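# no sequence on this one, just coordinates:
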């Protein structure tokens, strides 16, 4: 995907309902209630935090291009797409920003140091300037290298082989993989800057950045399968582990496969109230959790309004003022901060 | 003590570079030392080696974050493990960890702004400092080209640290600046080592043109003819990018480098240049630190430098291997106007000074609203704590005069007729050096000497990611 297509993909989802700057916050990975709720509501998981350092100027340049092409209508503040944009087919993307949350960069920084170290050592050089200056990453890489016995040529061969196997299997284009690999350095061979990559591939620097992230996400998806032990070692702490209890996680899995609350209770042979607890837990831990299938937006608002007015989180107090709401609905709404989704 | 043996045992070197031994001897004898050593002459060894002998910690105060990081990296590269850097950008928990294990470190790098905190001073005091090193000591001088108000805080912290033995290091200092360093750092009867700043293997070429077009043509010809490795200094980020694009269009392997690039990309350009994948780097003055390449053959200034000190530092990156190297300054009529406006832009205006005195509490908003520049704010806020409004206005006025003097001395470099080598030495109050062959454009240069070296460049690797993986990990 080009950067403009990422912006467009978000805009297609929020057309008419969000401001021009909302895609910017999403791409940067802003952790505000609004942005997080939007992810769940508009299904924008792929694009969250794909460019945490996105410069406002670069974003505005994209807006200008979209307007110049007539895809985006100049409209003071909110997103209004032209029909041609709504009909436009966008390419599929391996992006999975919500899952990796910017941690893919840490993985790549570790990989960069490990590859650089092996590259230098296998060619007889023990002193070199580390390509990553972050001391925490350096310390991590050092202990990893020691642990895997990186001086052994068998380990080096296996490491290289696992890179080749897993990256081959990753569902990204060859061009994107080329770009990602050129961000690695070794003995006598430096990484390429974004500007250099842009010139080599005849696209904008910002498009190269997206391409690298796409390749990286596709690669991580492949590595998660754990068939590449040396590379899986680099994943430590990279993939967000669920904050849910085991039982709630099972409920969540079933819910994600499309089962309703009642069906889950039946399937799992558990009381409905237990499953309700799981949902409250999910609502608290998953910022993108949507309450839409349990109550309408109006009821959700009312619960929050009354809770605020009465300065209370007590279920019974709220229930007295809002007899039409169930206790479960009140608990769920209170577990979620912010507006209805 | 046999210093040569110590040097060999510690780092595997068999001999000292000029000046190092004298400085280290004096440091070990307990005297305050002020050492003027050109960049690339191994300044850091002057405290590293004493660190092997002295019982307590070596505290190095370094004015620039990037410089500090580079030095820590270099020390680690030499195998030194007990090194740590403390600055205000560290995460709280990291800093906490470092404070609690401070005794484990021999070399402690500290940013000057940390030295105002009583907590920091207490920790350092408890540790026992054997030697305090003021790196880039010229930054303490308001009259220096590189004044950093934060650095004056070091002077204020010294008594609170019990006035430890001090080693002041700098690459460039005039007599005036030297005096100020001695004064602020309270160096008592210091041993002063001043290495001649003249570099006999560098030829100085100044070429003048009637207009920008002619200058640009001559520039492109020069780069195409001579081959690298070379650095081209431009006055602005935009210009560095423009020049790189022009060279790339001619099929010359070049890239740009400036402070606006993300750090990873800056490191990549340094790597490529060191690996000879790149022939030329078009850069702002941000390029230099962290570049440890001995065989840079050319330093070209496409625009006038903003001070003689800065100029000497930049051309000093050429020919560290002592082989003939060429420093070229390209000048088109009217170029000094750009420099003068850049220099003056850095200085606080009287209205900004008054604003800070009246509305200091709102400084952040004022900066955000664009009513005040951050650089200006930093300079003023230092003086505001110490002087009434009139005094600060006076300080800044003096600073302005000094900047004008610097600009005049750059103009003099271009317009005075005479030996360039002598002009530069005179600017540093040094005696006239000998005139080597190919001294400068005044004495004449045999340019054929510099038209070589292209063949040593590596061919860029082509092909897809699998081929690259093969090159990265050839097994």
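Cool, the structure landed. Computed from a predicted model, the values in this text were never measured in an experiment. Numbers count the residues shown, from 1 in each chain, chains lettered A, B, ... in the order given.
# going by C-alpha atoms from here, please, whenever you check contacts or count neighbours.
Will do.
# just give me the neighbour total for residue 196.
Unless you meant another one, I'm taking chain A. Residue A:196: 17 surrounding residues under other Cα atoms under 10 Å in any protein chain shown.
# um, chain B though
15.
# looks to me like it is in a strand.
No: secondary structure assignment (DSSP: H, G, I helix; E, B strand; the rest coil) places residue B:196 in coil, not in a strand.
# residues in contact with it?
Residues counted as contacts of residue B:196 (Cα atoms under 8 Å, 6 or more residues apart in numbering or on different chains) are residue B:430.
# for residue 162, which non-adjacent residue is spatially closest?
Since you didn't name a chain, this refers to chain A. Distance criterion Cα to Cα, 6 or more residues apart in numbering or on different chains; nearest residue to residue A:162, sequence neighbours excluded, is residue A:228 at 5.8 Å.
# let's do chain B instead
residue B:125 (8.0 Å).
# what does residue B:451 give?
In space, residue B:451 is closest to residue B:226, 4.3 Å off (Cα to Cα, 6+ apart).
# how about the strands in the stretch 51-200 of chain B?
With strands called from DSSP state E, counting those that start in this stretch, the stretch 51-200 of chain B shows them at B:57-61, B:83-86, B:107-110, B:129-134, B:166-170, B:191-194.
# contact residues of chain A facing chain B?
With the criterion set to Cα under 8 Å from any Cα of the partner chain, chain A comes near chain B through A:115-116, A:118-119, A:122, A:127-129, A:131-132, A:153, A:156-157, A:160, A:164, A:174-175, A:177-179, A:181-182, A:185-194.
# the same query, at a cut-off of 6 Å, please.
Counting by Cα under 6 Å from any Cα of the partner chain, chain A comes close to chain B at A:119, A:178, A:181, A:186, A:188, A:190-191, A:193.
# make a markdown table from these and add pLDDT to it.
Listed next are those as a markdown table, based on pLDDT from 0 to 100:
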| residue | pLDDT |
| --- | --- |
| A:119 | 97 |
| A:178 | 96 |
| A:181 | 97 |
| A:186 | 96 |
| A:188 | 93 |
| A:190 | 95 |
| A:191 | 96 |
| A:193 | 97 |
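# what residues does chain B have near chain A?
B:265, B:268, B:271-272, B:275, B:464-465, B:472-473.
# try it again with 7 Å
By the rule Cα under 7 Å from any Cα of the partner chain, the part of chain B lying against chain A is B:77, B:265, B:267-268, B:271-272, B:275, B:464-465, B:472-473, B:475.
# mind putting these into CSV with neighbour count?
Shown next, in CSV, are the residues of chain B next to chain A (neighbours: other Cα atoms under 10 Å in any protein chain shown):
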residue, neighbour count
B:77, 15
B:265, 20
B:267, 24
B:268, 22
B:271, 25
B:272, 21
B:275, 17
B:464, 15
B:465, 21
B:472, 24
B:473, 23
B:475, 13
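# chain A: strands as residue ranges?
With DSSP state E, there are no strands along chain A.
# and the helices in the stretch 151-300 of chain B?
B:175-184, B:212-226, B:237-249, B:263-274 (DSSP state H, counting those that start in this stretch).
# dump those helices to TSV, plus mean pLDDT.
Formatted as TSV, the helices of the stretch 151-300 of chain B follow (pLDDT from 0 to 100):
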stretch	mean pLDDT
helix B:175-184	87
helix B:212-226	92
helix B:237-249	94
helix B:263-274	94
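# which one, of these, ends up nearest to residue B:204?
Relative to residue B:204, the nearest member of these by Cα to Cα is helix B:212-226, separated by 14.6 Å.
# burial of the residue nearest to residue B:451, as a residue count?
Neighbour tally, residue B:226, other Cα under 10 Å: 19.
# what distance do you get for it to residue B:279?
According to Cα to Cα, to the nearest Å, residue B:226 and residue B:279 sit 10 Å apart.
# the residue lying closest to residue B:372 once chain neighbours are set aside and chain A: what is the separation?
When the adjacent residues along the chain are set aside, residue B:372 lies closest to residue B:366, with 5.6 Å between them (Cα to Cα, 6+ apart). From residue B:366 across to chain A, the span is 21 Å (Cα to the nearest Cα, to the nearest Å).
# one more: residue B:339?
Counting by Cα to the nearest Cα, the separation of residue B:339 from chain A is 28 Å.
# which SSE is that residue in?
Residue B:339 is part of helix B:335-345, with elements assigned from DSSP states H and E.
# report the inter-axis angle for that helix versus helix B:212-226.
100 degrees (axes from the mean of the first three to the mean of the last three Cα atoms, to 10 degrees).
# so which bits of helix B:335-345 are buried?
The neighbour-count check on helix B:335-345 (16 or more other Cα atoms under 10 Å in any protein chain shown) flags B:335-336, B:339-340, B:343 as buried.
# name the residues of stretch B:17-32 that are buried.
Neighbour-count burial for stretch B:17-32 [16+ other Cα under 10 Å]: B:19-21, B:23-24, B:26-28, B:31-32.
# may I see the residues you listed arranged in TSV, with distance to residue B:169 as well?
Formatted as TSV, the buried residues of stretch B:17-32 follow (distance: Cα to Cα, whole Å):
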residue	distance to residue B:169
B:19	12
B:20	12
B:21	14
B:23	10
B:24	12
B:26	14
B:27	12
B:28	16
B:31	14
B:32	11
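# can you pull out the helices in the stretch 201-341 of chain A?
Under DSSP H, counting those that start in this stretch, the stretch 201-341 of chain A gives helices at A:205-223, A:229-232, A:246-256, A:261-268, A:272-285, A:297-309, A:315-321, A:327-335.
# returning to that earlier point: after the helix or strand harbouring the residue nearest to residue B:372, which helix or strand is next?
Using DSSP H and E, residue B:366 sits within helix B:363-368. Next helix or strand after helix B:363-368 toward the C-terminus (DSSP H and E): helix B:374-384.
# any idea of the mean pLDDT for that next one?
Across helix B:374-384, the average pLDDT comes to 75.
# one step back: quick one: buried ones out of the residues of chain A next to chain B?
A:119, A:178, A:181, A:186, A:188, A:190-191, A:193.
# count the residues that sit near residue B:194.
By the measure other Cα under 10 Å, the count of residues near residue B:194 is 17.
# can you pull up the bridge partners for it?
residue B:36 (DSSP bridges).
# relative to residue A:266, how far out is it?
Distance, residue B:194 to residue A:266, using Cα to Cα: 87 Å.
# residue B:30 now?
Shown here: residue B:30 relative to residue A:266, a distance of 83 Å by Cα to Cα.
# hang on, the earlier thing: distance to residue B:7 for the buried residues of helix B:335-345 - can I get that in a markdown table?
A markdown table is the format used below for the buried residues of helix B:335-345 (distance: Cα to Cα, whole Å):
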| residue | distance to residue B:7 |
| --- | --- |
| B:335 | 48 |
| B:336 | 47 |
| B:339 | 44 |
| B:340 | 46 |
| B:343 | 43 |
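# what's the most distant pair in these?
That would be B:335 and B:343, which, of those, are the farthest apart (Cα to Cα) at 13.0 Å.
# so, low pLDDT: which residues of the stretch 51-200 of chain B?
Applying pLDDT under 70 to the stretch 51-200 of chain B flags the ranges B:142-147.
# point me to the residue of it nearest chain A.
Closest approach between the stretch 51-200 of chain B and chain A, counting by Cα to the nearest Cα: residue B:77, at 6.1 Å.
# ok so, going back, buried residues of the helix holding residue B:366, list them for me.
Within helix B:363-368, judged by 16+ other Cα under 10 Å, the buried ones are B:363, B:366.
# and it, how far out from the chain middle?
30 Å (Cα atoms, centre = their mean, to the nearest Å).
# could you do stretch B:293-301 as well?
15 Å.
# same check on stretch A:165-173?
When distances are taken as Cα atoms, centre = their mean, stretch A:165-173 is centred 19 Å away from the chain's centroid.
# residues in contact with it: which ones?
Identification of contacts with stretch A:165-173 by Cα atoms under 7 Å, 6 or more residues apart in numbering or on different chains yields A:215, A:218-219, A:222-223.
# switch the cut-off to 10 Å
Stretch A:165-173 has contacts (Cα atoms under 10 Å, 6 or more residues apart in numbering or on different chains) with A:93-95, A:161-163, A:174, A:177, A:181, A:211-212, A:214-223, A:225, A:227-228, A:231, B:465-466.
# thanks a lot, see you next time.
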